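**Student:** coordinates only, sequence not included:
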Ligand code: NAD
């Protein structure tokens, strides 16, 4: 069987999916980028909008114009069967177990046996993602957790499940190492893996402390940026980059999966301001702005 990765499908064209597709195309590999079908005349508008975002020159494009020619766009209602053309399917849709699981059921029916499928989930254990799927699907499945922005962050967390075929995972690992220039950290299949088990905890502690102390966003970021290892954006700037709407989803996912008594539970509290911002479209860089303005 020919097992080379010659074409990649990325499903989900949001912050991460768009960035992953751009990074793969920059490496000279063709990409099929799919998102949900949009009502109206152009059903592929969501994925097309993601390509346009990746070409924006402010502050610097994430993808070259020649690489953009390698990206085909589509939607999961009309074009999901085209995953059969691809040698690696990367799922980067919303951080919700139920929605990811129903997409996998559709992928399972259409993909070629042996084609790797990986999730970019930040927190959801692999075991939960593949619940109900066939033995064959579970053998082809792993987690490839890229960091934001995928073009610049060198690290990738990879999680193999107990049923993952080492040959399939090895093919993906070779590709992300040689073609995408990533350093691989193998993580165990636990909630939040390594980075988000630590990261979501300290982010929550820092945001809670800033609110309790009545600091402005700028003050909190001056104090908490460099000492906490995020000198460029600061803490609130990092949340704007990640997407403010992702924060409650991460929290829900972690509280559903972490063992009772984990220190993360001490950080979980209602955040009415964050809920209001999300409801009004202030989701950070990808939205109307967030803790900072981006216009
Ligand atoms: P996002 O909200 O920016 O984008 C999600 C995209 O998925 C949207 O374009 C949405 O239309 C699409 N979508 C939703 N349901 C879909 C479906 N059924 N089929 C196809 N597309 C669908 O989210 P994001 O921040 O890019 O996060 C995507 C994944 O990556 C999540 O699992 C998240 O936890 C993970 N992640 C995010 C970051 C980050 O910094 N934002 C970092 C690492 C990992």
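**Tutor:** That came through, no problem. As the structure is a prediction and not an experimental result, all values here were calculated from the model.
**Student:** only C-alpha atoms for contact and neighbour calcs from this point on.
**Tutor:** Will do.
**Student:** what does the stretch 101-250 of the chain put close to the ligand?
**Tutor:** Within the stretch 101-250 of the chain, the residues that sit near the ligand (Cα under 6 Å from any ligand atom) are 103, 120-122, 145-148, 242-243.
**Student:** can you tell me which of those are in strands?
**Tutor:** The strands, defined by DSSP state E, take in 145-146 from those.
**Student:** Out of the residues of the stretch 101-250 of the chain next to the ligand, which end up buried?
**Tutor:** Among these, the ones that count as buried by 16 or more other Cα atoms under 10 Å are 103, 120-122, 145-148, 242-243.
**Student:** Can you tell me the closest non-neighbouring residue to residue 164?
**Tutor:** Leaving aside its sequence neighbours, residue 164 sits nearest to residue 139 (Cα to Cα, 6 or more residues apart in numbering; 4.1 Å).
**Student:** returning to that earlier point: ok, the buried ones among the residues of the stretch 101-250 of the chain next to the ligand vs residue 294, which is closest?
**Tutor:** residue 243 (13.0 Å; Cα to Cα).
**Student:** shouldn't that closest one be in contact with residue 284?
**Tutor:** Yes: here residue 243 lies in contact with residue 284, judged by Cα atoms under 8 Å, at a distance of 5.3 Å.
**Student:** Residue ranges in this protein under the pLDDT threshold?
**Tutor:** 1-2 (pLDDT under 70).
**Student:** Outline the domain layout of it.
**Tutor:** Listed by automatic domain parsing, the domain ranges of the chain are 8-186, 195-279.
**Student:** Out of those domains, which one sits most buried?
**Tutor:** Most buried of these, by mean neighbour count (mean count of other Cα atoms under 10 Å): domain 8-186, with a mean of 20.
**Student:** that older thread, where helices are concerned, which of the residues of the stretch 101-250 of the chain next to the ligand count?
**Tutor:** 103, 242 (DSSP state H).
**Student:** Secondary structure element for residue 142, which one?
**Tutor:** Residue 142 is part of strand 141-146, with elements assigned from DSSP states H and E.
**Student:** tell me, which helix in this structure spans the most residues?
**Tutor:** From DSSP H, the single longest helix across the chain is helix 195-212.
**Student:** Name all residues that make contact with the spatially closest residue to residue 28 that is not a sequence neighbour.
**Tutor:** Take residue 28 and drop its neighbours on the chain: the residue closest to it by Cα to Cα, 6+ apart is residue 67, 6.6 Å away. By Cα atoms under 8 Å, 6 or more residues apart in numbering, residue 67 lies in contact with 22, 25-28.
**Student:** now, among these, which is nearest to the ligand?
**Tutor:** residue 22 (12.9 Å; Cα to the nearest ligand atom).
**Student:** didn't that closest one look like it was pressed against residue 66?
**Tutor:** No: using Cα under 8 Å, residue 22 makes no contact with residue 66, being 11.0 Å away.
**Student:** returning to that earlier point: for the residue nearest to residue 28, what is the enclosing helix or strand?
**Tutor:** Element membership of residue 67 [criterion: DSSP H and E] is helix 65-68.
**Student:** Sticking with residue 294, tell me its helix or strand.
**Tutor:** Using DSSP H and E, residue 294 falls outside every helix and strand.
**Student:** The residue lying closest to it once chain neighbours are set aside: what's it in contact with?
**Tutor:** Nearest non-adjacent residue to residue 294, counting by Cα to Cα, 6+ apart: residue 285, 6.4 Å away. By Cα under 8 Å, 6+ apart, the contact set of residue 285 is 240-241, 243, 294.
**Student:** again, but for residue 84
**Tutor:** By Cα under 8 Å, 6+ apart, residue 84 lies in contact with 110-112.
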